[in-house]
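> Quick one: sequence and predicted model below, then my questions.
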Amino acid sequence: MIEIKHQKELKNIVGDENFHNDKAHLLAYCYDATKERYEPDCVIYPRNEIDVSKILKYCNDHQIPIIPRGAGSGFTGGALPVRGGVILAMEKYFNKILEIDEKNLIARVQPGVVNKHFQEAVEKIGLFYPPDPASQEYSTLGGNVSENAGGMRAAKYGITKDYVMALRAILPNGEIIRAGKKTIKDVAGYNIVGILTASEGSLAVITEITLKLIAKPKCKQTAMGIFPTIQSAMNAVYETMASGVTPVAMEFLDNLTICAVEEKFQKGLPTQAGAILITQVDGNISEDVQWQLKQIEEKFQKNGCEKFQIAQNNAEEENLWFARRNASQSIAIYGKKKLNEDITVPRSRLPELLQRISEVSKKYGFKIPCFGHTGDGNVHTNVMVVDNTDEEQLKKGYEAIEEIFKITIELEGTLSGEHGIGLSKAPFMSLAFSPSEMELFRTIKKAFDPHNILNPGKMGL
């Protein structure tokens with residue numbers, strides 16, 4: 001609990017209208033997409049960098065926890081105030097697109113800008129910002145950088161880190177730093193931009209982001225392949241990606257997910273299929289797009305694809321994508337508690353990963369629907385607990401998750417492809433990192449934040 005005298009001092013920095021400790025605000029900022037709840041002591045809306053600097057310096061001097069927050073859309077508890085303290089809410093004032101530089105193909109934005117709003121702004125002038133997390137309608141660019149968000153277009157275009165060129169950020173002691181440059185090449189000094197990206201708000205508070213843009217492709221087309229088994233679909237994925245064709249997206253749904261979407265929405269999906277793959281290609285010449293689709297179709301058919309359907313217009317394209325976009329909400333039919341993880345393995349290990357997850361499902365007696373971004377090896381695996389009030393079921397569910405993590409690491413994969421570590425995956429960090437590596441992480445954290453005031457309790461640090 002923050003002492004009243006400290007709350008008064010913090011209120012003096014931002015004014016009465018930007019400081020809140022009433023119950024409504026504390027409840028509004030106590031949860032994220034994990035649905036776990038931890039109430040902060042107060043919520044502060046900084047108006048500018050000077051406010052942020054003063055707040056951080058005061059909290060650092062008095063060792064008060066402070067948690068930077070965007071939209072609170074994260075799936076691992078990264079924005080939860082697990083030790084109370086101050087929520088630093090960036091969405092109210094830090095929400096402007098500062099510059100779109102068409103000559104140099106870059107943009108400067110504040111961290112509270114919503115991803116989708118930014119995409120729309122640059123596309124109006126023929127440019128393109130590819131990272132498209134599922135939360136793009138509401139997640140902020142600051143949150144995307146802090147979690148290194150991905151999305152369906154990552155197979156071809158990469159993830160957030162591939163577009164972050166420079167950052168302005170404020171250290172816990174209140175000092176303002178600039179990391180990176182507007183230039184394409186920059187090898188002067190340590191890569192502080194890389195360290196701050198995916199740091200989950202634990203090292204500094206980001207106040208400005210410089211992002212790389214590219215030209216918007218003129219043509220695109222979407223297709224769906226239906227497969228008899230999930231293994232045949234996974235083989236098709238890595239053989240396609242190794243063939244010289246790089247689809248924009250290569251998304252999959254397993255049979256459990258297909259059946260869930262069909263039960264909820266009645267879209268005429270092939271519920272007998274072992275898996276479906278939804279792919280998209282783009283380019284500047286229609287003939288090139290058609291050639292890519294032809295190559296993909298050949299690889300799909302070689303691996304047992306029973307039907308290859310190409311969308312002929314926007315309505316058909318939206319219909320093909322509907323199942324993937326609504327997969328997460330649909331699988332709720334299988335249980336009241338979803339233990340959702342975003343494991344990632346090399347693409348060639350996908351068939352083995354999905355087979356072994358099936359074995360975990362049988363071993364523990366849980367339905368485990370899987371879907372995700374197989375173009376980059378990223379699978380969303382969901383252990384569905386039927387009764388979330390049954391402590392024994394929950395215990396078994398977490399045991400199943402731990403086993404899936406162990407399999408992932410064995411297959412040379414990672415605990416998280418895009419959701420981050422946060423609170424929920426922190427207990428499993430020792431599966432992926434040696435004691436020496438974890439100590440290195442702690443050393444970096446201490447160099448930036450010696451009093452551990454920024455987002456404490458996350459990432460196992």
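Ah, there it is.

> Strictly from the record, what residue spans define the domains of the chain?
4-89, 97-215, 219-328, 335-432 (automatic domain parsing).

> With distance to D449, mean pLDDT and mean neighbour count as added columns, please give those in JSON lines.
(Each C-beta comes from the backbone N, C-alpha and C, glycine too.) Output for the domains of the chain, formatted as JSON lines (distance: least, CB to CB, whole Å; pLDDT from 0 to 100; neighbours: other CB atoms under 10 Å):
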{"stretch": "domain 4-89", "distance to D449": "8", "mean pLDDT": "97", "mean neighbour count": "19"}
{"stretch": "domain 97-215", "distance to D449": "5", "mean pLDDT": "97", "mean neighbour count": "19"}
{"stretch": "domain 219-328", "distance to D449": "33", "mean pLDDT": "95", "mean neighbour count": "19"}
{"stretch": "domain 335-432", "distance to D449": "16", "mean pLDDT": "95", "mean neighbour count": "20"}
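
> which stretch among the ones you listed comes nearest P456?
domain 4-89 (5.4 Å; CB to CB).

> what about the closest one, how long is it end to end?
20 Å (CA to CA, to the nearest Å).

> Please export the C-alpha coordinates of stretch 93-110 as PDB.
Extracted C-alpha coordinates of stretch 93-110, given in PDB (Å, rounded to 0.1, in the frame of the first residue of the first chain):
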ATOM      1  CA  TYR A  93      -2.300  11.500 -23.700                       C
ATOM      2  CA  PHE A  94       0.300   9.400 -25.500                       C
ATOM      3  CA  ASN A  95      -1.900   8.500 -28.500                       C
ATOM      4  CA  LYS A  96      -0.700  10.600 -31.400                       C
ATOM      5  CA  ILE A  97       0.900   9.700 -34.700                       C
ATOM      6  CA  LEU A  98       3.700  12.400 -34.700                       C
ATOM      7  CA  GLU A  99       5.000  12.000 -38.200                       C
ATOM      8  CA  ILE A 100       4.700   9.800 -41.300                       C
ATOM      9  CA  ASP A 101       7.900  10.400 -43.400                       C
ATOM     10  CA  GLU A 102       7.100   9.200 -46.900                       C
ATOM     11  CA  LYS A 103      10.600  10.000 -48.200                       C
ATOM     12  CA  ASN A 104      12.400   7.800 -45.700                       C
ATOM     13  CA  LEU A 105       9.600   5.300 -45.200                       C
ATOM     14  CA  ILE A 106       9.400   5.700 -41.400                       C
ATOM     15  CA  ALA A 107       6.900   7.000 -38.800                       C
ATOM     16  CA  ARG A 108       7.100   8.400 -35.400                       C
ATOM     17  CA  VAL A 109       4.300   7.500 -33.000                       C
ATOM     18  CA  GLN A 110       3.500   7.700 -29.300                       C
END
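
> which residues touch it?
Residues from elsewhere that reach stretch 93-110, judged by CB atoms under 8 Å, 6 or more residues apart in numbering: 45-48, 90, 111-114, 117-118, 121-122, 125, 127, 129, 140-142, 165, 182, 207-215.

> how far does that stretch sit from the chain's center?
22 Å (CA atoms, centre = their mean, to the nearest Å).

> One more: stretch 128-146?
Relative to its parent chain, stretch 128-146 has a centroid offset of 8 Å by CA atoms, centre = their mean.

> again with stretch 101-113
21 Å.

> One more: stretch 397-412?
20 Å.

> How far off centre is whichever strand or helix holds D342?
Assigned by DSSP states H and E, D342 falls within strand 337-344. Relative to its chain's centre, strand 337-344 lies at 12 Å (CA atoms, centre = their mean).

> Next: stretch 225-244.
Stretch 225-244 sits 24 Å away from the centroid of its parent chain (CA atoms, centre = their mean).

> Start and end of it, how far apart?
Span of stretch 225-244 from end to end, CA to CA: 19 Å.

> same question, stretch 173-191
First-to-last distance for stretch 173-191 - CA to CA - comes to 21 Å.

> now the strands for the stretch 151-300 of the chain?
In the stretch 151-300 of the chain, the segments counted as strands under DSSP state E, counting those that start in this stretch are 164-170, 176-180, 205-212, 214-215, 219-227, 249-254, 275-283.

> Which neighbours in the sheet does the first one have, and how are they oriented?
The one in question is strand 164-170. strand 176-180 (antiparallel), strand 205-212 (antiparallel) (DSSP bridges).

> Now it - C-alpha only, PDB.
Output in PDB follows, covering the C-alpha atoms of strand 164-170 (Å, rounded to 0.1, in the frame of the first residue of the first chain):
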ATOM      1  CA  VAL A 164      11.400  -0.800 -34.500                       C
ATOM      2  CA  MET A 165      14.200   1.600 -35.600                       C
ATOM      3  CA  ALA A 166      14.400   3.900 -32.600                       C
ATOM      4  CA  LEU A 167      12.800   4.600 -29.200                       C
ATOM      5  CA  ARG A 168      12.600   7.400 -26.700                       C
ATOM      6  CA  ALA A 169      12.300   6.000 -23.200                       C
ATOM      7  CA  ILE A 170      12.600   7.100 -19.600                       C
END
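
> Find out how far stretch 91-99 is from the centre of the chain, if you would.
Worked out by CA atoms, centre = their mean, stretch 91-99 lies 21 Å from the chain centre.

> What's the end-to-end length of that stretch?
End to end - CA to CA - stretch 91-99 spans 18 Å.

> quick one: R356 from K338, how far?
20 Å (CB to CB, to the nearest Å).

> D254 - nearest residue in space that isn't next to it in sequence?
C370 (4.8 Å; CB to CB, 6 or more residues apart in numbering).

> thinking again about what came up before, among the strands of the stretch 151-300 of the chain, which comes closest to A311?
That would be strand 219-227 among those, by CB to CB, at 4.5 Å.

> On the C-terminal side of the helix or strand L431 falls within, identify the next helix or strand.
Following DSSP H and E, one finds L431 within helix 429-432. Next in sequence after helix 429-432, counting helices and strands by DSSP H and E, comes helix 435-448.

> How about residues contacting that next one?
171-172, 195, 202-204, 429-430, 433, 452, 454, 459-461.

> Next, give me the two most distant ones among the residues you listed.
L171 and S430 (28.4 Å).

> Let me see the contact set for the residue nearest to F366 when sequence neighbours are not counted.
Spatial nearest neighbour of F366, excluding adjacent residues (CB to CB, 6+ apart): V383 at 5.1 Å. By CB under 8 Å, 6+ apart, the contact set of V383 is K338, L339, Y364, F366, I368, G397, A400, I401, I404.

> What helix or strand is V383 located in?
strand 378-385.

> quick one, that strand and strand 337-344 angle?
Strand 378-385 runs at 160 degrees relative to strand 337-344, counting by axes from the mean of the first three to the mean of the last three CA atoms, to 10 degrees.
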